[in-house]
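In: with the sequence up front, the predicted model follows.
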Amino acid sequence: MSEERQPVVVLLAPTLRRAELRDALRPFGRVLEADTPDRVRHIVRQEHPELVMLHLGGGDDILSLCTELDQALATRVVVIGPDSDIASIRAAMQAGARDYLGEPITPEELQATLARLVQGERRTRRGKVVTVFGTKGGVGKSTVAANLAVVLADRHRQRVAIVDLDLEFGCAATLFGAHPGMTIVDICRRSGALNLAAIEEALTRSAHSSVEILASPPTPDLAAFVDGEGKREPDRNYVQEILRVLRASYDWVIVDTAVDFGEAVITALDEAERILFVTTPDVPALQNSAKGLDILLERLGYPADKLQVVLNRGNAGIGLSGDEIAQVLDHPILYSLPSDGDVAVRAANLGIPLVRLRGRSALARGIARLGASLVEARDRGRVSAIAEGK
């Protein structure tokens, strides 16, 4: 189980009040000061703080900013303003503030409020599940999944879990150099409803990243306890329960899958907001991928925009152009990652994600761009939802 990071609080307040509030907040965690609403937005997107404190004297449209932070960026907000001002209190709470603190306020009152909001029950997050899938082994699916998780966690400062659903021969923990004490099997052997505490107990973090890993079973025969005849309660879908709990508390849940259409994989595909379908530019892989895409789109009925084809080793030089490959697949290629086999193999052998071992390599840069595009698409979706009043 991972250690909690130091809480981050963003403070927007008038210059005359900022130093006093900052000093009162420092015992609680890391305080990042902002002097304008735009600066608040920038810090929130970069740091993903536990809390934003907005003083009503900190600028124009503070309540609009409060609404944006609460709904579009899923951030807890506390508003500070005049004591006993019923109109201000009501307006702040309607704008989405989690609390309203009337001035004057003592440091003790301020810290008690923060502790209650941040250390208490977590607010449900609007996390994203990204399932990394493919219909042929050896295409680099697990490498893409593991390193994408690292990019999102360490470069974009997101809370990320990776779930290894290659239940018989998964290697996610190995790619991180991790040695899990518990795996997904231990969760599925529990009685009663699954909650975050039970799942977090089985998560592992490596020395190389803040990504939290839910490892696959240690031996193939144990897969049946997760998705098969060995399930403690045959009618339960443990994978669905796990993914939904993690989605509620993590910014991103990356799922690495087996090369099949078993119940666990279908569940991961169903639960995903985005499916990254990984293939390579060789004929056997493309033939299998075309069949797999047909199943996903035609038989399972997933919308085309839910699937994004990732062409790994896209510069391998086998004679097929990107357009020709897209024609074979009858689906556009959204991302192309360069061939960098030596780096990938060395990273796997050392148990260090390649984006940490060789962050400037072509493959690492390609995966970084993939991660950035996912974050940008998510943030655009949140802004659009606010604009549409959802």
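Out: Looks like it came in fine. Residues are numbered from 1 along each chain as shown.

In: output stretch 223-234 as CSV, restricted to C-alpha atoms.
Out: Output of stretch 223-234 as CSV, limited to C-alpha atoms (Å, rounded to 0.1, in the frame of the first residue of the first chain):
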residue,chain,number,x,y,z
ALA,A,223,-6.8,-16.8,-12.2
ALA,A,224,-10.0,-18.9,-11.6
PHE,A,225,-10.5,-17.1,-8.3
VAL,A,226,-11.0,-13.8,-10.1
ASP,A,227,-12.7,-14.9,-13.3
GLY,A,228,-13.7,-18.6,-13.3
GLU,A,229,-14.9,-21.5,-11.4
GLY,A,230,-13.0,-20.7,-8.3
LYS,A,231,-14.8,-17.5,-7.6
ARG,A,232,-15.9,-17.2,-3.9
GLU,A,233,-19.3,-16.0,-5.1
PRO,A,234,-20.0,-17.2,-8.6
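
In: let me see the mean pLDDT of it.
Out: Stretch 223-234 carries an average pLDDT of 89.

In: so how far is it off the chain centroid?
Out: Relative to its chain's centre, stretch 223-234 lies at 27 Å (Cα atoms, centre = their mean, to the nearest Å).

In: give me the contacts around it.
Out: 167-168, 184-185, 188-191, 216-217, 222, 238-239, 262-264 (Cβ atoms under 8 Å, 6 or more residues apart in numbering). Placement of C-beta: from N, CA and C, glycine included.

In: how about that stretch: buried residues?
Out: 223-227, 231 (16 or more other Cβ atoms under 10 Å).

In: narrow those to those in strands?
Out: Of the buried residues of stretch 223-234, none are assigned to strands by DSSP state E.

In: from the residues you listed, pick the one nearest residue 85.
Out: residue 226 (54.7 Å; Cβ to Cβ).

In: quick one: the closest one from residue 166, how far?
Out: 11 Å (Cβ to Cβ, to the nearest Å).

In: just residue 110 next, same as before
Out: 48 Å.

In: with residue 369 instead?
Out: Distance from residue 369 to residue 166, by Cβ to Cβ: 25 Å.

In: and residue 147, by the same measure?
Out: 16 Å.

In: compare the two (neighbour count), which wins?
Out: More neighbours surround residue 147 than the other of residue 147 and residue 166, with 30 against 23 (other Cβ atoms under 10 Å).

In: surely the more buried one forms part of a helix?
Out: Yes - Residue 147 forms part of a helix when assessed by DSSP: H, G, I helix; E, B strand; the rest coil.

In: quick check: closest non-adjacent residue to residue 27.
Out: residue 111 (6.5 Å; Cβ to Cβ, 6 or more residues apart in numbering).

In: any idea of the pLDDT on that neighbour?
Out: For residue 111, pLDDT reads 76.

In: can you list the low-confidence ranges for the stretch 201-350 of the chain?
Out: 316-319 (pLDDT under 70).
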